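**Q** Fold the following, please.
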Amino acid sequence: MSSLGHVPTRVKSKRTEVRLGAERDHFDKQQLSSISKAINSTEIPVKEKHARRIILGTHREKGAFTFWSYALGFTFPSSSILCWKFCHVLHKILRDGHRNVLQDCTRHYSSMVEIGEIWGNLHDRYGQLVTLYSKLLCTKLKFHTKHGDIPANLEITDEELERAAGTDINNVFQLSVEVFDYMDAELRLAETVLRQLNSSLAMTTLTSSQCRLAPLIQVIQDCSHLYHFAVKLLFKLHACLPADTLQGHRDRFHDQFHKLKNFFNRAKEMIYFKRLIQIPKLPESPPNFLHAASLAKHVKPVVVIPNEDEPEMQDDDDDEPEPLIEVRHATPTQQVDIFDQTFGPPNGGFDDRDLQIETLKRELELLRAELERVKAEAQRYITQLKSQINSLEAELEEQRAQKQRALVENEQLRMELEATRRRNTEHESLQTTFIEAEKRAQATEQRYNKLKEKHTELVSSHAELLRKSADTVKMLSVTQQTQEEVERTKQQLTFEMDRIKQESDMKMEEQRFEVERVKRELEEKMAEVTRIKATLQSSEETSEQINSSMTALQTEKERLMRSVSEKEAELSSLRQTAQLQQSSLQQERDKTSRELGELQGKLKEKTSQEEKMKQKLLEEQFALLQGTITEAETIIQDAIAKLDDPLHIRCTSSPDYLISRAEAALGSIDKVKKGHADYLRNMSDAGTLLRSLTQFSHLTADTIVNGSATAHMAPTDHADKLTENCRSCGTQSLLFLGEMKSKATLQKADPATIRIIIQKILHLGQELRPKGLDVRQEELGDLVDKEMAATSAAIEEAVRRIDEMMSQARKDTTGVKLEVNERILFSCTDLMKAIRMLVIASTDLQKEIVEGGRGAATIREFYAKNSRWTEGLISAAKAVGWGATEMVESADKVVLHTGKYEELIVCSHEIAASTAQLVAASKVKADRHSKKLTKLQHASRHVNEMAANVVASTKTGQEHLEDKDTMDFSGLSLIKLKKEEMESQVKVLELESMLDNERLRLGELRKKHYEIAGVPLDQLAEGNGETSSLVNPVTMSPKPLKPSLMKKPPLAQKPNIPPKNQFAYSVSFNFFFLFFADHCSQ
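**A** Here you go, the predicted model:
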């Protein structure tokens, strides 16, 4: 045993090498046998077992090296059937072989191209198929080499296809084109095979037909996957690109869809395919890529290959079957003991593994029988499941159809709704346009007289050019007369030729009639000769008669012969005469054609002269256009230069005049556009375009100059925008005129950009117009003083009336009522005095602002320049005066017990808000460190305190005068108490509902008030940070979903609450007016 342990390693490795070499030789022999039996020149289909062994060989050696080493030894140019079967086997290897097969086949790409070129030049049925098949395989290799993520059998999931396509839409577009090319190669091969079978009327049961049909199984498998890829990629493209861009893709897909459906339908009818493959069913119509919902209807076509083994007839020379190996998950075999390999098994040659092998074989047979039974049962289950799937798919299709109909109806309703909305919008815009058109017509009539004067200058400058145009028209009329003479001469020659031709035809007809007459006479003579011969033959019995009449017949025959010769001579002479007439007629025709050619040459010469004259006229018109454009450019450049001219800074203009100039410029742009279109249609008449360009240049220059002048009086932001738009208008006008000046860019010149800029200038002009149109700017300063004086007068009148009410109350009332009335009237008097001090402080601050900001201008000019700020002061003064008057009225009613205490409280709030507006309007332009501003702020706080005193006095007096009886519940039972409780709850709910409704109405009233005041709600909601932050805290409504402007603070607060908290309502209005005044100052 010790000697056995020292076996040389060289002996072991040598025996291992011998064993591996024997296995390699066996593998090579088996592959060679399978390849030679699968690929030969016999016209029978490739057997499945041979192809399967070749495919298993590629998995065993992890490539196709052995296959190509044997395949390259075939003489492909010798047999087209050999090449056809080679392409079939290669197609199966690419689909089902090892993944490295693709790389090995790519190395021999040139060999496949060479095979296709050889048989493409030969007229052979299989040669044509080999050419198409080689192109298909080359396309397949290029596609899968470029897209390594897609295997050669095309079996990938939708997620893997998405990853392969990527997120770049250009890559998706290119991949879709390559899929279409791939599909075209597959369909061309299938159509050619089926066409050859139809032309030869071959049956699919014949081996020759099956040899051609066998590769179509792989074609069907590829086409089903390619169709699914195309549908997915096209839906993805339509989700990212416009439909017009993908029109070619849709047309190409529809063509391939109909071809593929025709191919599948024809293949289903063939008996050969029914037992080998289950062909999927395509939909009746291609998917609608314009609706993304159609993707849900798409069903991926699945090709099913039955699992029935091919009945293999074991050939005499077949090798023993090769055991199947696991392709995807190969497990390493157990390492055999080297000692047993070298010296054999122990126990004297007997091994227990033989018994195990026998046992395993018996178990294997049992398992095979069980497997067959399981397969049969599984096949039955599969059939049942397929029937269920078909029924479910039918139901699914019906549901999808219903969904599609619902989507279509929804889309129609949406389109109808949009159409109705568009019609309403168009109707409103038409009404607005009609009103604006009436205004523009009135302005146009006023400007028409001015335009007449400018038009006379244009007419004088064009007079000379019009004279030149008249000379050109005269020359053109002379040319037209010459052309008409040539036409008349041509018509005369044509009439003469027709007359000569008719005469010649009549002569030819007469000669033909004479010839026919001679022929008829000759035929009559010949018939007479025939009758004589017949008579001679009938009288042969009488020799005497023959002898006696021979002389007469001979004489008659000679006479007839002479007559025939005379007729022939006459016929020949007639022929010569006809030939002479034909020659003379031909000469006349030649002469006429020469004259016609000369006339045509003259006509061409006249036509060329006419074209030269037309070209000269066009050049003159274009030169006139260029001169006009040059002058227009000079006018606009002069207007642009005035934007930066220091001398132009003192020039001013009103927004109204700027609006009129801008509207006129917009009208001139329309005329330029119309004149441009007319000139492009008829370039020989540039009159309309010249007039419109002249008008356009002057009106555009006026708009630029007046826009700059208006900017000198406008606020900084509007001035900058207006100046920039005027400069852009001039620049774009020069660019447009430059395009009109060149023939290359004349057609694409478009004044749309100029229109947009002038519309912006028009909009800025409308924004700069003062809102108080009923008051002229020069009256604003006087109106401010009048309103402040009227406010002071109203306050003095209110104090006087309160004193009168105090005296009357002391006379008419006593006790608690007198005390309450005196307290309320005293607080009202204090409030009026505080308001008067506030008005005085505001007047002083305004004088300081005017003196500090007007500079060299007068007070009226200062108010006119700051019109919005002035309007804010006027509005605030009016509000204060009105509030004082209303408060006096409410106090009078309260004292006389005809009014409500709540009215007096609300008037106090309104007065506080009005004074806050006056303070805000005065504070906008005041110096931050001004002493008068500090005095005004102290006066404002004092007004708020006095208003709080009025509210407190009113509420205290209301509580003192109210009757508060003690509730007595002693006589109520439990049921009555419950009933009273329910009635009280009902009343509470009714009051809460009324409260909510009033709050809604209050919100709408405030909203309308803001709109009339000229402040949009969105600007009020946004405002600056201070305004928005202070408006929100005072919205104390219990319903948070309502807008903040619609919420009302509680009014039933006790008098002991600090005064500042009692005026949340006023604070809201204070900040509104702060924002309003700030907006007016801008």
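**Q** contact partners of stretch 505-522?
**A** For stretch 505-522, contacts defined as CB atoms under 8 Å, 6 or more residues apart in numbering pick out 564, 567, 570-571, 574, 577-578, 581-582. For every residue, glycine as well, the C-beta is placed using N, CA and C.
**Q** looking at the chain, which helix or strand does the model trust least?
**A** Ranked by mean pLDDT, DSSP states H and E, the weakest helix or strand in the chain is helix 1025-1031, scoring a mean of 32.
**Q** residue ranges with poor pLDDT in the stretch 501-650 of the chain?
**A** Confidence mapping of the stretch 501-650 of the chain against pLDDT under 70 gives the ranges 504, 529, 533-550, 553.
**Q** Which parts of it are strands?
**A** Applying DSSP state E, counting those that start in this stretch to the stretch 501-650 of the chain gives no strands.
**Q** quick one, helices of it?
**A** Taking DSSP state H, counting those that start in this stretch, the helices of the stretch 501-650 of the chain run over residues 543-641.
**Q** Surely Leu276 is within a helix?
**A** No: counting by DSSP: H, G, I helix; E, B strand; the rest coil, Leu276 falls outside a helix, being coil.
**Q** excluding its backbone neighbours, what's nearest it?
**A** The shortest distance from Leu276 to any residue other than its chain neighbours is 6.1 Å, reached at Ile217 (CB to CB, 6 or more residues apart in numbering).
**Q** Can you name every helix or strand that the strand or helix carrying the one you found contacts?
**A** Assigned by DSSP states H and E, Ile217 falls within helix 216-240. Contact analysis of helix 216-240 by 3 or more CB pairs under 8 Å, 6 or more residues apart in numbering; DSSP states H and E lists helix 80-96, helix 158-165, helix 169-200, helix 247-269 as its packing neighbours.
**Q** low-scoring pLDDT stretches of the stretch 851-1000 of the chain, where are they?
**A** Applying pLDDT under 70 to the stretch 851-1000 of the chain flags the ranges 853-868, 873, 899, 961-972.
**Q** could you redo the last one with a cut-off of 80?
**A** For the stretch 851-1000 of the chain, residues meeting the criterion pLDDT under 80 lie at 851-904, 908, 911-912, 914-918, 920-929, 953-981, 983.
**Q** would you say Glu372 is within a helix?
**A** Yes: using three-state DSSP, the assignment for Glu372 is a helix.
**Q** Need the per-residue pLDDT for it.
**A** pLDDT, Glu372: 83.
**Q** Just give the number of residues close to it.
**A** Other residues lying near Glu372 total 10 when counted by other CB atoms under 10 Å.
**Q** Can you tell me how far Gln579 is from Asp844?
**A** For Gln579, the distance to Asp844 equals 132 Å [CB to CB, to the nearest Å].
**Q** Actually, Arg353.
**A** Arg353 is 124 Å from Asp844, by CB to CB.
**Q** okay, these two: which has more neighbours?
**A** Neighbour count, other CB under 10 Å: between Arg353 and Asp844, Asp844 has more, with 17 against 10.
**Q** Let's verify the residue nearest to the spatial centre of the chain: helix, strand, or coil?
**A** Centroid-nearest residue in the chain, with CA atoms, centre = their mean: Pro242, separated by 4.7 Å. Here Pro242 is recorded as coil under three-state DSSP.
**Q** And it, what's its pLDDT?
**A** For Pro242, the pLDDT comes out at 89.
**Q** now it: how far from Ala292?
**A** To Ala292, Pro242 is 14 Å away according to CB to CB.
**Q** again with Pro715
**A** In terms of CB to CB, Pro715 sits 51 Å off from Ala292.
**Q** out of those two, which sits in the busier spot?
**A** Pro715 (16 against 11).
**Q** Now the more buried one: phi and psi?
**A** phi -60, psi 170 (degrees, to the nearest 10).
**Q** As JSON lines, the helices and strands packed on helix 216-240 with distance to Ala632, mean neighbour count and mean pLDDT would be great.
**A** Converted to JSON lines, these look like this (distance: least, CB to CB, whole Å; neighbours: other CB atoms under 10 Å; pLDDT from 0 to 100):
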{"stretch": "helix 80-96", "distance to Ala632": "72", "mean neighbour count": "22", "mean pLDDT": "93"}
{"stretch": "helix 158-165", "distance to Ala632": "55", "mean neighbour count": "15", "mean pLDDT": "89"}
{"stretch": "helix 169-200", "distance to Ala632": "46", "mean neighbour count": "17", "mean pLDDT": "90"}
{"stretch": "helix 247-269", "distance to Ala632": "44", "mean neighbour count": "16", "mean pLDDT": "92"}
